[in-house]
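> Build the 3D model from these lines:
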Amino acid sequence: MLDRGYRDAVLFLENLGMNTKMPPFVVGNRRLTTEEANSARIATKGRWRVESRNGHFKTIFKFLGNTVSNTHAVSLGDFNRIGGAINNKYRLAIVVPEETEDLAREILLRAQTVNVVQARVEQDQLHWRHGQWMRLPADGNALPDFPLITEE
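All right, here's what the predicted structure looks like:
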């Protein structure tokens, strides 16, 4: 589960045999498709634990929460491993009781269902910016089921 900051590393990670998931990008005024939006939601749901733990990590180890100077770059991996070991030993795992395997299956299943609203909008061409107006006859009989408003 990657955030957009890793977009340049995706090819490298996939060449290492890793299966990567990252929310899609929106370019210009284009909207996400239903599939892209669902994929983004699933990736965000999975990244929550990662970001939550990163927040804990930066709170505990202030040095790693700030900008690190280049002089420490060679030791940064060691600092992270030591901090991770301390974190794993003394911090509780992040557990959300409501999040179960059944919920994960349901999320994945719902992500594959057809968006009936989008299908209707596309079928009836309701996404056009300018409506298709037609002049109705003055006698009022063009829409027989249309409710009439009376003074009562």
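> Just the buried positions in the lengthiest helix in the chain, please.
When the chain is parsed with DSSP state H, its longest helix is helix 34-60. Across helix 34-60, burial judged by 16 or more other Cβ atoms under 10 Å covers 38-40, 42-43, 47, 57. Glycine gets a C-beta too; all of them are placed from N, C-alpha and C.
> What's the mean pLDDT across it?
Mean per-residue pLDDT for helix 34-60: 84.
> shift numbering so it begins at 16
In the new numbering, first residue 16, that becomes helix 49-75.
> which secondary structure elements does that helix contact?
Here helix 49-75 touches helix 77-80, helix 91-105, helix 116-126, going by 3 or more Cβ pairs under 8 Å, 6 or more residues apart in numbering; DSSP states H and E.
> The ones you listed: lowest mean pLDDT?
Of all the helices and strands packed on helix 49-75, the minimum mean pLDDT falls on helix 77-80 (a mean of 86).
> Name the surrounding residues that touch it.
Contacts to helix 77-80, defined as Cβ atoms under 8 Å, 6 or more residues apart in numbering, come from residues 72-74, 94-95, 98.
> how about 6 Å then?
Residues from elsewhere that reach helix 77-80 (Cβ atoms under 6 Å, 6 or more residues apart in numbering): residue 73.
> Report the backbone C-alpha coordinates of that helix in PDB.
The C-alpha trace of helix 77-80 is given here as PDB (Å, rounded to 0.1, in the frame of the first residue of the first chain):
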ATOM      1  CA  LYS A  77      11.200  13.200  17.600                       C
ATOM      2  CA  PHE A  78      14.500  13.000  15.700                       C
ATOM      3  CA  LEU A  79      12.800  10.900  12.900                       C
ATOM      4  CA  GLY A  80       9.700  13.200  12.900                       C
END
